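> Below are the sequence and a predicted model; questions follow.
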Amino acid sequence: MTGPVTAPVTAAGAAAGAGPTTGPATAAMAAPVALPERRPVVGLDLGGTKIAAALFGADGTVTARCSRPTPARSGAAAVLDALAAAVAEVDPGRTASVLGVAAAGVIDPRTGTVTSATDAIRGWAGTPLGTGLADRTGYAVACDNDVRATAGPELDALRAEHGGHASLLFAAIGTGVGGALAADGRMVHGAAGIAGHLGHLPSPEAAGLPCTCGAAGHLEVIASGPGIAAHYERLTGAPVDRLETVAARAAEGDAEAVTAITTGASAAGRVLGGLANALGPDRVVVGGGVPRIGPLYTEALRDAFAAELMAPLRGLVPHAPLFGHDAAVLGAAALTLTSPLHHPGALR
């Protein structure tokens, strides 16, 4: 394993100054990535249901892409095999020699190991992601948590605007609640790579509710998409299939649906407001699928966030992400510039 490469990642063309998250994100197209020695690089995004891969050419543009289901119930070895197959599909001529992977779970980029994970991917905790993928592909591999990798281009754009001391608070609210923290221009990883797991902060609205991590009362179980749907079920006694159903019922005037959505949004806003007081960010970004359900959610989150802020931060508002559907693979590719590289056949 080598030390990190510290060349900057470009974010030219990003929609700087995007407005607050008052509705669906109107994100910009992904900007080119500055590549080491202007060579191609592969970016991988591993989620619990889907693997996305992209080959970035020497000029930073996407020249090939693919996606495939994640064999999440087949175990870690099958997932690593699927990641390697995706690399081969986008780079059959092996024009790249490095790849970055943004992966679900708690990832320590220094060791390349999944230090903790839920059961969304069976047997994922403890997986040697960096070396396992390097051995399967023959590429040098950089890896990190998917949300932190996605936040990387956001931080780069912020540094371009505010200089090297920019700080960022990034939240991704979807099936779970994840996040990333950057202070003074540097992403914070923390012990075992656990920094940024915002969904496992305590939330009064979730008091007593069991969390996927084994504890209880965490933000994720009230503010995530499944958490909001489950809260609606508790309020009504009626099963509901997904968040979008709750959102549709709220739009029709269902009072319990409105309560479930605004409770989750307010819980997220209060946690983020408290974190803003602790971190003092220049920018707060809220992405993921849940904010896309519309202003009922985003306005409740924004109001709860504002109510928590100390005087020097008043006026700080949550923003939609700057980057579009390529954000995760873009951030993954950028990891090859900033994170340790894990090589095939390295001593374990």
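Arrived safely, thanks for sending.

> check contacts around the residue lying closest to Val62 once chain neighbours are set aside.
Of all residues not flanking Val62 in the chain, Ala54 sits nearest, at 4.9 Å (Cβ to Cβ, 6 or more residues apart in numbering). The C-beta positions use only the backbone N, C-alpha and C, and glycine is treated the same way. By Cβ atoms under 8 Å, 6 or more residues apart in numbering, the contact set of Ala54 is 42-43, 62, 64-65, 90, 326, 329-330, 333.

> Tell me where the stretch 1-150 of the chain has strands.
41-46, 50-56, 62-69, 98-103, 106-108, 113-116, 140-145 (DSSP state E, counting those that start in this stretch).

> what are the bridge partners for Thr286, then?
You called it Thr, but residue 286 is Val. Beta-bridge partners for Val286, by DSSP bridges, are Ala171.

> Tell me, how many residues neighbour it?
29 (other Cβ atoms under 10 Å).

> Next: His162.
Residues contacting His162 under the criterion other Cβ under 10 Å number 14.

> Now it, what are its backbone angles?
Taking degrees, to the nearest 10, you get phi -110, psi -10 for the backbone angles of His162.

> Give me the nearest residue to it, chain neighbours excluded.
Spatially, and ignoring its direct neighbours in sequence, His162 is nearest to Asp282 (5.2 Å; Cβ to Cβ, 6+ apart).

> Please apply the same query to Ser97.
For Ser97, ignoring the flanking residues on the chain, the nearest one in space by Cβ to Cβ, 6+ apart is Tyr139 at 6.0 Å.

> Compute the distance between the one you found and Leu55, please.
Tyr139 is 12 Å from Leu55, where distance means Cβ to Cβ, to the nearest Å.

> which residues do these two both contact?
42, 96.

> Report the contact partners of Thr131.
Counting by Cβ under 8 Å, 6+ apart, Thr131 has contacts 112, 141, 342, 344, 346, 348.

> residues in contact with stretch 197-217?
Applying Cβ under 8 Å, 6+ apart, the contact partners of stretch 197-217 are 106, 118-119, 171, 176-179, 218-224, 227, 263-264, 266-267, 270-272, 275.

> From the chain's centroid, how far away is it?
With Cα atoms, centre = their mean, to the nearest Å as the basis, stretch 197-217 stands 19 Å off its chain's centre.

> May I have the distance across it, first residue to last?
By Cα to Cα, to the nearest Å, the extent of stretch 197-217 from end to end equals 14 Å.

> mind listing what's buried in that stretch?
Residues of stretch 197-217 classed as buried by neighbour count (16 or more other Cβ atoms under 10 Å): 197-201, 203, 205-206, 209, 211-212, 217.

> same thing with stretch 175-194?
Here stretch 175-194 shows 175-182, 185, 187, 189, 193 as buried, counting by 16+ other Cβ under 10 Å.

> I'd like these laid out as a markdown table, including secondary structure, distance to Tyr232 and pLDDT.
Output for those, formatted as a markdown table (DSSP: H, G, I helix; E, B strand; the rest coil; distance: Cβ to Cβ, whole Å; pLDDT from 0 to 100):
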| residue | secondary structure | distance to Tyr232 | pLDDT |
| --- | --- | --- | --- |
| Thr175 | coil | 16 | 87 |
| Gly176 | coil | 18 | 90 |
| Val177 | strand | 17 | 94 |
| Gly178 | strand | 22 | 93 |
| Gly179 | strand | 24 | 95 |
| Ala180 | strand | 29 | 96 |
| Leu181 | strand | 31 | 96 |
| Ala182 | strand | 34 | 95 |
| Gly185 | coil | 41 | 91 |
| Met187 | strand | 35 | 93 |
| His189 | coil | 36 | 91 |
| Gly193 | helix | 34 | 86 |
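
> Considering the residues you listed, which is situated nearest to Ala77?
Gly193 (21.4 Å; Cβ to Cβ).

> how many neighbours does Thr111 have?
Residues lying near Thr111 (other Cβ under 10 Å) number 18.

> cool, and the one 3 residues further on?
Other residues near Val114 come to 26 when the count uses other Cβ under 10 Å.

> who touches it in this structure?
Per Cβ under 8 Å, 6+ apart, neighbours of Val114: 76, 103, 105-107, 124-127, 129.
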